[in-house]
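Trainee: quick one, structure for this:
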Amino acid sequence: MVEFLHLLPPDEALQTWLEAVNHRTAAETVPAAEALGRVLAADVLAPHPMPPFDRSAVDGYAVHAADTYGASDALPAYLEVVGEVPMGATPDFQLARGQAALIHTGGMLPPGADAVVMVEYTQQSRTGEVEILKAVAVGDNVIAEGEDLAAGAVVFPQGTRLRAAEIGGLMALGILEIGVARQPVVGIIATGDEVVPPEAAPAMGQVRDINTYTLAAKVARAGGIPKPYGIVPDRPEALAAAAAEALQACDMVVVTAGSSASTRDMTAEVLDGLGAPGVLVHGVNTKPGRPTILAVAKGKPVIGLPGNPVSALVNVGLFVLPALAHLQGEKPRPKPLLPARLTVNLPSASGREDWWPVRLRRTPAGWEAEPIFYKSNLIFALARADALLKVPAGATGLAAGEMAEVRLCEV
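Mentor: Numbers count the residues shown, from 1 in each chain. Take a look at the predicted model:
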């Protein structure tokens with residue numbers, strides 16, 4: 001096992017951990033309409049071009065572009081109107097030279113047409129004839145067949161997490177079932193002789209279990225399936241039995257341990273004993289969450305989080321959520337970050353990455369971030385926060401008025 005509290009920067013700790021995780025969730029097929037938030041297990045290929053035909057991008061007249069060359073307000077071109085393109089149907093006529101057809105946005109171009117003149121650049125001259133007041137080139141105001149997607153093109157690559165836009169794209173292509181990574185099952189173990197269930201009335205010296213429920217909510221929102229294993233007493237054999245059971249049944253195991261050094265030592269020893277390679281990181285150079293433990297057993301990620309709720313919840317974002325994405329083969333996506341101006345001085349120790357809960361306020365000059373000063377075990381500090389502000393490891397703090405990076409809290 002690595003040395004106790006040999007602190008690593010969070011990014012290095014995460015990379016070290018995930019490089020040793022070779023477990024992945026299997027693929028399964030689900031209805032595409034119900035796949036929001038799921039991660040694609042394979043590339044999605046376009047079964048046909050999009051759009052599947054040349055269509056008008058505007059309301060106007062379908063024409064041969066060559067018939068409009070030189071047309072202007074002073075010298076319009078006159079074309080015979082031979083019909084109107086029916087919406088949702090194939091035109092039953094062909095456009096000859098010198099002819100035009102009324103067409104609406106999204107309508108299929110009739111054979112022979114190669115451009116559309118916008119209706120505002122036309123006017124009626126007499127029955128069956130239209131004046132063209134502006135020339136168009138071939139392809140003007142036309143969305144060509146396959147312009148959005150060619151048949152066989154990769155629509156969404158493997159590892160894409162499906163959002164509303166992707167669901168809409170699948171429906172547009174008539175893809176009703178899709179292969180996705182199975183949702184990872186995450187075993188959650190709370191420890192502590194002082195921890196009691198939320199429905200219990202705590203005696204003096206006891207606290208209600210917060211971490212099981214905050215972690216379960218974060219896991220579920222990130223596309224995982226939380227599986228709580230209850231509250232385990234501070235006994236190595238009890239924790240070892242619960243952790244072994246969770247490791248067998250789940251894709252990932254999260255343990256929240258007490259704050260004392262002896263409890264952390266016990267948790268590290270138990271996690272190290274679950275299987276090779278065992279504990280890889282025993283301490284992260286960040287605040288909150290310094291005593292975080294990162295281990296791998298049977299190729300699966302195992303993490304020991306601090307017992308205090310704020311530390312645990314912040315480090316879920318730094319480690320648990322990236323691990324969930326890794327298990328599903330998700331491609332990295334940008335984090336929801338925002339620049340904001342700090343309202344007060346914020347101290348920090350050099351070499352340590354700090355994350356502070358902040359309230360955000362919009363001003364004419366941009367967003368302002370007001371830190372919430374708190375004691376580490378108070379969950380309501382995060383409940384009142386809009387975002388977490390990052391103090392980089394190389395800084396000794398940030399001054400009032402400085403711009404900082406904030407990571408928005410999820411709704």
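Trainee: how about residue 274: what's its closest non-neighbour residue?
Mentor: In space, and not counting its chain neighbours, residue 274 is closest to residue 297: 3.8 Å by Cβ to Cβ, 6 or more residues apart in numbering. (Each C-beta comes from the backbone N, C-alpha and C, glycine too.)
Trainee: what's across from that neighbour in the sheet?
Mentor: Listed by DSSP bridges, the beta-bridge partners for residue 297 are residue 277, residue 300.
Trainee: for it, the count of nearby residues, please.
Mentor: Residue neighbour count, defined by other Cβ atoms under 10 Å, stands at 22 for residue 297.
Trainee: that one reaches residue 246, doesn't it?
Mentor: No. If you go by Cβ atoms under 8 Å, residue 297 and residue 246 don't touch, sitting 10.6 Å apart.
Trainee: and the residue nearest to residue 274, what does it touch?
Mentor: Applying Cβ atoms under 8 Å, 6 or more residues apart in numbering, we find residue 297 in contact with 247, 271, 274-276, 278.
Trainee: filter those down to just the buried residues.
Mentor: 247, 271, 274-275, 278 (16 or more other Cβ atoms under 10 Å).
Trainee: can you list the domains in this protein?
Mentor: Structural domains assigned to the chain are 10-25+184-327, 28-48+158-181, 55-143, 337-408, following automatic domain parsing.
Trainee: wait, which of those domains is closest to residue 149?
Mentor: Taking Cβ to Cβ, domain 28-48+158-181 is the member of those nearest to residue 149, at 4.5 Å.
Trainee: strands of the stretch 151-300 of the chain, start to end?
Mentor: Secondary structure of the stretch 151-300 of the chain (DSSP state E, counting those that start in this stretch): strands at 154-156, 177-181, 185-191, 195-196, 207-208, 225-232, 252-256, 277-282, 286-287, 293-297, 300-305.
Trainee: in the chain, what spans have low per-residue confidence?
Mentor: The chain contains residues with pLDDT under 70 at 1-5, 258-264, 375-378, 411.
Trainee: redo that, cut-off 50
Mentor: Residues of the chain that meet the criterion pLDDT under 50 lie in 411.
Trainee: can you show me the helices along the chain?
Mentor: 10-19, 164-172, 211-221, 236-249, 261-272, 309-315, 321-327, 380-383 (DSSP state H).
Trainee: can I get these in CSV with distance to residue 194?
Mentor: Putting those into CSV (distance: least, Cβ to Cβ, whole Å) gives the following:
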stretch, distance to residue 194
helix 10-19, 28
helix 164-172, 44
helix 211-221, 13
helix 236-249, 15
helix 261-272, 11
helix 309-315, 13
helix 321-327, 28
helix 380-383, 19
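Trainee: coming back round to it: pick the most buried one from the strands of the stretch 151-300 of the chain.
Mentor: strand 252-256 (a mean of 28; mean count of other Cβ atoms under 10 Å).
Trainee: direction included, what does that one pair up with?
Mentor: By DSSP bridges, strand 252-256 pairs with strand 185-191 (parallel), strand 300-305 (parallel).
Trainee: would you tell me which strand is longest in this protein?
Mentor: strand 353-363 (DSSP state E).
Trainee: for it, which strands pair with it and how are they oriented?
Mentor: Counting by DSSP bridges, the strands paired with strand 353-363 are strand 286-287 (parallel), strand 366-371 (antiparallel), strand 387-391 (antiparallel).
Trainee: alpha carbons of the last one, as CSV, please.
Mentor: It stands for strand 387-391. Coordinates of each C-alpha in strand 387-391 appear next as CSV, following Å, rounded to 0.1, in the frame of the first residue of the first chain:
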residue,chain,number,x,y,z
ALA,A,387,-21.1,26.9,-7.7
LEU,A,388,-17.7,25.8,-6.5
LEU,A,389,-14.8,28.2,-7.0
LYS,A,390,-11.3,26.8,-7.8
VAL,A,391,-8.2,28.3,-6.2
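Trainee: report the buried residues of it.
Mentor: 387-391.
Trainee: closest one to residue 344 out of those, please.
Mentor: residue 389 (11.3 Å).
Trainee: for that closest one, name its beta-bridge partners.
Mentor: residue 356, residue 406.
Trainee: and it, how close does it get to residue 379?
Mentor: Relative to residue 379, residue 389 is positioned 18 Å away (criterion: Cβ to Cβ, to the nearest Å).
Trainee: about what we covered before: out of the strands paired with strand 252-256, the one nearest residue 141 is which?
Mentor: The nearest among those, by Cβ to Cβ, is strand 185-191 at 52.0 Å.
Trainee: could you list the residues in contact with the closest one?
Mentor: Under Cβ under 8 Å, 6+ apart, the answer for strand 185-191 is 209, 211-212, 215-216, 219, 224-234, 239, 242-243, 245-247, 249-258, 263, 267, 307, 320, 324.
Trainee: I figured residue 166 was touching residue 157, is that so?
Mentor: No. Counting by Cβ under 8 Å, residue 166 stays clear of residue 157, with 11.0 Å between them.
Trainee: understood, closing this out.
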